[in-house]
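> For reference, the sequence and a predicted model appear below.
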Amino acid sequence: MESCSGEAMSHNGSNIPHTPSRLQLDLSGAAIQGSIEDRNPAIVLPNQEDDTYHLAIDLGGSLIKLVYFSKQSDVSALGNASPCSPFSRSDSGKAGILSRQQARFPTQGGRLHFVKFETSKLSDCIEFIKSKGLNCYDIEDIANGIQSEEGSIIKATGGGAFKFADMFKEKLGVTFDKEDEMSCLVAGANFLLKAIRDEAFTHLEGHKQFVQIDPNDLFPYLLVNIGSGVSMIKVDGDGIFQRVSGTNVGGGTFWGLGRLLTKCRNFDEILELSQRGDNSSVDMLVGDIYGGLDYTKIGLSASTIASSFGKVISDEKDLSGYRREDIALSLLRMISYNIGQIAYLNALRYGLKRIFFGGFFIRGHAYTMDTMSFAVSFWSKGEAHAMFLRHEGFLGALGAFVSYDKLGLTNLTSHQFVERFPMGAPYAGGKIHGPPIRDLNEKISWMEKFVQNGIEITAPVPMAITGTTGLGGFERPLSHSSSLRSDSSAALNVGVLHLVPSLEPFPLLADPKGYWFGILSDQLPDLVQKAVASEGGTDGAKRRGDAFARAFRAHLARLREEPAAYGKLGLANLLELREECLREFHFKDAYLAIKQRENEASLAVLPDLLLELDNLDQDERLLAIIEGVLAGNIFDWGSRACVELYQSGTILEIYRMSRSKMQRPWRVDDFDTFKMSWDRPHFRALLFVDNSGADIILGMLPLARELLRRGTEVVLVPNSFPAINDVTVMELLNLLEEASKFCEILRKAVKAGGCLDDKRIGEQDSAANSSEASFPKLLVVGNGCGSPCIDFRQVSSELATIARDADLVVLEGMGRALHTNYTAHFKCDSLKLAMIKNQRLAEKLIGGSIYDCVCRYEPRTQL
Ligand SMILES: Nc1ncnc2c1ncn2[C@@H]1O[C@H](COP(=O)(O)OP(=O)(O)OP(=O)(O)O)[C@@H](O)[C@H]1O
Ligand SMILES: CC(C)(CO)[C@@H](O)C(=O)NCCC(=O)O
Ligand SMILES: [Mn+2]
């Protein structure tokens with residue numbers, strides 16, 4: 001096999017031991033399937049064992065919940081738009097067949113999907129499982145191209161694991177491996193609270209706030225699962241719990257009684273109805289009993305509900321005499337308040353301060369959560385806290401899922417999960433599947449339909465009511481607000497969890513907080529145009545471009561309405577969301593052509609630039625190099641002003657103009673301090689590079705070369721995946737190959753680093769030249785991201801490993817050094833270099849103006 005990725009190669013080149021992981025792939029006996037000439041031939045891993053943990057199911061009294069795992073990235077990214085059978089080579093996730101791209105990562109990653117069905121529509125659920133092939137996974141058979149006749153063994157919990165066992169055996173050939181419902185609820189909650197960022201939140205008076213849970217300080221807590229019925233579980237640790245109470249007045253009661261009384265046909269309809277309700281026409285208030293007065297002696301105001309539905313007894317009316325809206329609201333309040341109160345009593349009974357509410361009764365509904373929070377807070381006098389979970393209804397299914405022993409999921413931590421919100425999420429992310437239109441599989445190919453028919457996505461309305469829902473549910477919610485989210489957007493609240501075991505926190509980050517949140521600039525039309533062109537401008541590409549634009553706009557609209565809809569989203573995540581969205585619509589690299597053009601132009605002048613630099617004395621040279629980095633950083637397709645500038649001249653003209661304006665002092669200018677530190681050469685420098693073209697070639701490569709010349713080992717850290725015009729690992733390796741042809745320092749260093757085949761870097765110098773053995777290495781290590789910013793909470797494990805011995809970090813460019821990380825401190829020396837190409841940011845961050853430069857040096861933070 002030809003040498004593979006930059007990551008893998010640099011990793012070998014520097015002999016870094018690989019971070020141990022429980023999710024190792026067995027690569028022995030790996031073989032390419034199909035033609036070796038294929039661009040991405042599939043690789044069969046015959047010795048990869050136990051791929052059997054991909055589906056777990058919770059069959060409740062009202063709803064069936066599925067959690068399933070897929071390993072193949074582009075298939076699930078499409079929400080399985082691929083019409084082919086799950087066993088074809090292109091959908092290799094379940095077969096242990098990996099594309100070369102994936103085989104690079106020595107650990108297994110994949111995605112967790114969440115889907116639910118009404119238990120009364122069991123047949124839809126069965127069809128779904130069948131259509132995805134989730135019932136057949138026998139590894140041997142699949143490797144041999146046979147779909148297993150014998151079904152698999154699937155983890156199942158909930159009452160239906162007993163009730164429907166025979167039916168699943170008969171219809172799908174699967175056998176249930178039953179897991180206890182309560183222990184699954186607990187395992188699911190513990191998993192979410194430990195591994196998923198921004199999972200838990202409080203909801204008081206319409207205000208949602210995420211709660212940072214310290215995984216080491218999680219227990220004890222009370223888990224209240226509100227399904228059809230309600231279970232209350234005291235949780236003291238992993239697997240240590242006791243069901244201390246329960247109530248049969250639960251979600252089933254609300255929905256059952258609600259249906260009878262309001263004639264609503266689906267659950268969300270009754271929630272929506274309640275938004276317009278006024279409970280005082282149904283409920284008997286203290287004021288009704290006390291002639292409009294408060295009962296102050298026991299602390300009850302006249303508007304407090306004395307008796308739910310109590311007013312009905314004194315009216316002569318029958319059901320038709322009441323507004324359905326009022327009944328819906330009164331009922332919702334009655335059930336929610338009651339559960340909140342019982343939960344509080346049990347928390348009190350065991351001295352528990354934290355109560356987590358789960359189960360699909362909650363449905364992320366603001367009024368429900370406010371009412372329960374109020375009950376807890378009112379009765380405990382603020383001592384106990386009600387918290388809710390984003391994956392509310394999936395606790396049991398997740399618990400069953402993590403109970404697959406081989407999975408080792410329980411040991412994962414939050415930085416190993418990246419939550420994405422693909423546009424397929426409305427189908428994959430928790431939406432109820434109604435009766436199939438024609439066949440269910442077609443319905444699930446949501447993406448295809450979306451692309452072909454251009455189905456409109458309406459911007460969803462937020463569910464959280466801004467302001468207040470009144471005294472914790474004693475009063476009616478603001479009636480003017482039609483603020484129940486549409487089902488599809490509610491589903492967007494639960495994304496697809498990408499499991500990336502190879503992600504770790506960047507070890508040099510001294511303060512992991514302090515992230516700067518920003519708004520995505522609207523460059524959509526231009527981006528779409530480029531993306532379409534990058535795919536040949538065909539009709540298909542145009543349709544996809546259109547669909548992408550609509551999809552991304554829907555995401556933005558959702559976030560504008562409720563910035564915390566997807567958990568706390570930093571700018572890095574937001575920009576990555578855009579790139580992910582592009583990839584989801586199969587735009588591999590929208591800026592490829594632009595990047596290639598700029599690379600060629602810049603490579604052509606690199607020899608002259610290096611000569612010019614070499615003729616300067618050492619002091620002048622360092623300044624010229626830093627100037628070059630700042631000047632090169634003007635090439636940024638993420639900046640509107642720069643894109644306009646590009647219309648006015650060639651790349652080199654702009655670069656020269658930019659250089660000539662490099663008047664010191666720069667707006668932030670620590671150059672002199674940096675220069676002083678230059679006396680003592682660093683051992684290893686990490687250079688987080690930004691854009692392709694002049695930026696990397698005329699800016700960062702000369703800096704790398706200067707460091708190498710002084711004996712410093714240099715690790716160039718580009719993106720692992722494309723983002724705007726940022727340079728990627730593969731591109732950078734190609735650039736180094738070219739640059740090595742005329743620069744001896746780079747060639748020797750590249751050779752010492754072993755990132756490129758010797759053949760690729762020319763053989764003017766024979767390998768016998770022994771001085772190269774001790775030459776400082778130049779390595780390329782992907783950062784694990786595909787965003788123009790960098791979120792140091794999650795970088796590739798290769799980077800994390802190599803970073804441990806680094807003593808200099810250089811962050812280059814607006815995204816990495818300013819938008820994110822401007823205030824981040826490091827355990828080693830750090831240099832942040834950027835040209836500001838945005839007036840607003842310039843004013844806000846450094847009190848300057850557009851095209852100002854930042855050279856911020858900070859010696860290591862002493863901890
Ligand atoms: N689309 C829906 N259809 C039916 N019920 C819904 C829907 N959305 C939310 N619910 C509410 O969620 C409840 C079911 O929640 P959940 O799925 O957590 O429980 P379950 O597992 O089915 O029940 P149990 O655990 O008691 O067996 C319903 O009783 C209803 O109140
Ligand atoms: C029976 C279960 C556990 C099924 O999920 C649930 O519906 C429940 O907890 N019901 C409440 C039963 C009670 O404790 O009164
Ligand atoms: Mn349940």
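Arrived safely. Ligands and ions are numbered 1, 2, ... in the order given.

> Check which helix or strand Ser231 maps to.
Assessed by DSSP states H and E, Ser231 sits inside strand 230-237.

> To clarify, my last question referred to Ile64.
strand 63-70.

> Describe which strands that strand pairs with in its sheet and in which direction.
strand 55-59 (antiparallel), strand 110-118 (antiparallel) (DSSP bridges).

> Of those, which is nearest ligand 3?
Relative to ligand 3, the nearest member of the strands paired with strand 63-70 by CB to the ion is strand 55-59, separated by 6.0 Å. Where C-beta positions appear, they are placed from N, C-alpha and C, glycine not excepted.

> quick one: contacts of the closest one?
By CB atoms under 8 Å, 6 or more residues apart in numbering, the surrounding residues in contact with strand 55-59 are 64-69, 119, 129, 134-135, 154-161, 163-164, 176, 181, 184, 394, 396-401, 403-404.

> avg pLDDT for that strand?
Strand 55-59 carries an average pLDDT of 94.

> ditto for stretch 305-316
Stretch 305-316 comes out at a mean pLDDT of 93.

> residue ranges for the strands of the stretch 251-400 of the chain, please.
284-285, 305-307, 354-358, 385-389 (DSSP state E, counting those that start in this stretch).

> in its sheet, what does the first one sit against?
Translated: strand 284-285. strand 305-307 (antiparallel).

> Can you give me the buried ones in the strand it pairs with?
Ile305, Ala306 (16 or more other CB atoms under 10 Å).

> And stretch 319-326, by the same measure?
Quick answer for stretch 319-326 (16+ other CB under 10 Å): Tyr322, Arg324, Glu325, Asp326.

> Check the gap between the nearest residue to the third one once chain neighbours are set aside and Asp214 for me.
Think Glu325. Excluding its sequence neighbours, the residue lying closest to Glu325 (CB to CB, 6 or more residues apart in numbering) is Gly277, at 3.9 Å. According to CB to CB, to the nearest Å, Gly277 and Asp214 sit 40 Å apart.

> do the same with Lys844
The value you get for Lys844 to Asp214, if CB to CB is used, is 32 Å.

> Would you mind naming what in the chain lies close to ligand 3?
Gly60, Gly227 (CB under 5 Å from the ion).

> Can you say which of the strands of the stretch 251-400 of the chain is packed in most?
By mean neighbour count, with neighbours taken as mean count of other CB atoms under 10 Å, strand 354-358 ranks first of those at a mean of 25.

> Find the nearest non-adjacent residue to His760, please.
No, residue 760 isn't His; it's Arg. Per CB to CB, 6+ apart, closest to Arg760 is Glu737, 4.8 Å.

> okay but that neighbour is in contact with Ile761, surely?
Yes. Using CB atoms under 8 Å, Glu737 is in contact with Ile761, at 6.1 Å.

> overlap in contacts of those two?
Joint contacts of Glu737 and Ile761 (CB under 8 Å, 6+ apart) are Val750.

> before we move on, back to that, the next helix or strand after the strand holding Ser231 vs ligand 2: in contact?
As assigned by DSSP H and E, the chain's next helix or strand after strand 230-237 is strand 240-247. Yes. Legend: contact between strand 240-247 and ligand 2 by CB under 6 Å from any ligand atom is shown at Gly246, Thr247.

> Run through the neighbouring helices and strands of strand 240-247.
If you count contacts as 3 or more CB pairs under 8 Å, 6 or more residues apart in numbering; DSSP states H and E, strand 240-247 packs onto helix 181-195, strand 230-237, helix 324-349.

> Pipe the ones you listed into CSV and attach mean pLDDT per row.
Shown next, in CSV, are the helices and strands packed on strand 240-247 (pLDDT from 0 to 100):
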stretch, mean pLDDT
helix 181-195, 93
strand 230-237, 97
helix 324-349, 97
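
> Now distance to ligand 1 too, for these, in CSV please.
Listed next are the helices and strands packed on strand 240-247 as CSV, based on distance: least, CB to the nearest ligand atom, whole Å:
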stretch, distance to ligand 1
helix 181-195, 7
strand 230-237, 7
helix 324-349, 9
